[in-house]
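1. for reference, the sequence and a predicted model appear below.
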Amino acid sequence: MTLRSAVDTIDILLVEDNPGDARLAQEALKEGRMSSRLKVVVDGVEAMTYLNRQSPYEDATRPHLVLLDLNLPRKDGRQVLAEMKADVELRRIPVVVLTTSQAEQDIMRSYDLHANCYITKPVDLDRFISVVKSIEEYWCSVVTLPPR
C-alpha cells in the first residue's frame, strides 16, 4: 500500500527563509499532480516549534515530508536536521535538503545527519519549478512513506 492510497492530501513542511523560493515552491506544488498542503516556516527555530507542536502550532499536522534549506536564520538547517533525526517522534519524517549550497562538506554532513536526499536548488526558474514537482512526484507517489 502506498501513502497515496492511504490519504488524499500530502502534508509538506517547507523550511525556507527566502520568500521568492517559498513562493516558487508553492506555485510548483499547486501545479503538481498530487494533492498537497504546504506549510512554510522561515527559520530553524520556527521549524522545530512547528514539528514539536509548541505554541502557536499546538494543532499543527505532522508533515509527511520536510523540505529543508540549510542556511537559515536563528537555527540553521543542519541543526534542525540533527534535532529531527535524534528525536524518536520526528526521525521517520523524510527530510529533503533543498539548498543553494554545493559545498561537499554540507552534502556529507547532511547525509551523516541522515538526510533522505540532498538537492541543490537550480538558479533557473523553470528548472527550480521542475525540481520541486519531481520531489513531490517521487516522495508522494513513488515512495511508501511511514505512517504518521
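-> That came through fine.
2. where does the prediction get shaky in this structure?
-> Per-residue confidence for the chain (pLDDT under 70) gives these ranges: 1-8, 32-34, 148.
3. all strands of it, in order?
-> Taking DSSP state E as the criterion, the chain contains strands spanning 10-15, 36-41, 65-68, 95-99, 117-120.
4. contacts for the last one?
-> Among residues not part of strand 117-120, those counted as contacts by Cβ atoms under 8 Å, 6 or more residues apart in numbering are 96-102, 106-107, 110-111, 131, 135. To be clear about C-beta, it is placed using only N, CA and C from the backbone, and glycine gets the same treatment.
5. surely Asp106 and Asn71 touch.
-> No - Asp106 lies out of contact with Asn71 (Cβ atoms under 8 Å); the separation is 9.0 Å.
6. more crowded one of those two?
-> Neighbours were counted for Asp106 and for Asn71 using other Cβ atoms under 10 Å; Asp106 has more, 19 against 13.
7. give the buried residues for stretch 96-108.
-> Buried residues in stretch 96-108, defined by neighbour count with 16 or more other Cβ atoms under 10 Å: 96-99, 101, 106-107.
8. and if you look at stretch 111-131?
-> By neighbour count, and taking 16+ other Cβ under 10 Å as the criterion, the buried residues in stretch 111-131 are 113, 115, 118, 121, 128-129, 131.
9. ok, now how distant is Met84 from Asp17?
-> Going from Met84 to Asp17 by Cβ to Cβ, to the nearest Å gives 18 Å.
10. equivalent analysis for Arg62, please.
-> Computed with Cβ to Cβ, the distance linking Arg62 and Asp17 is 22 Å.
11. of these two, which one has the most company?
-> When neighbours are counted by other Cβ under 10 Å, Arg62 and Asp17 differ, and Asp17 comes out ahead with 18 against 14.
12. got the contact list for the residue nearest to Gly77 when sequence neighbours are not counted?
-> Among residues not flanking Gly77 along the chain, Leu70 sits closest, at 3.8 Å (Cβ to Cβ, 6 or more residues apart in numbering). Counting by Cβ under 8 Å, 6+ apart, Leu70 touches 76-78, 97, 99, 101, 106, 110.
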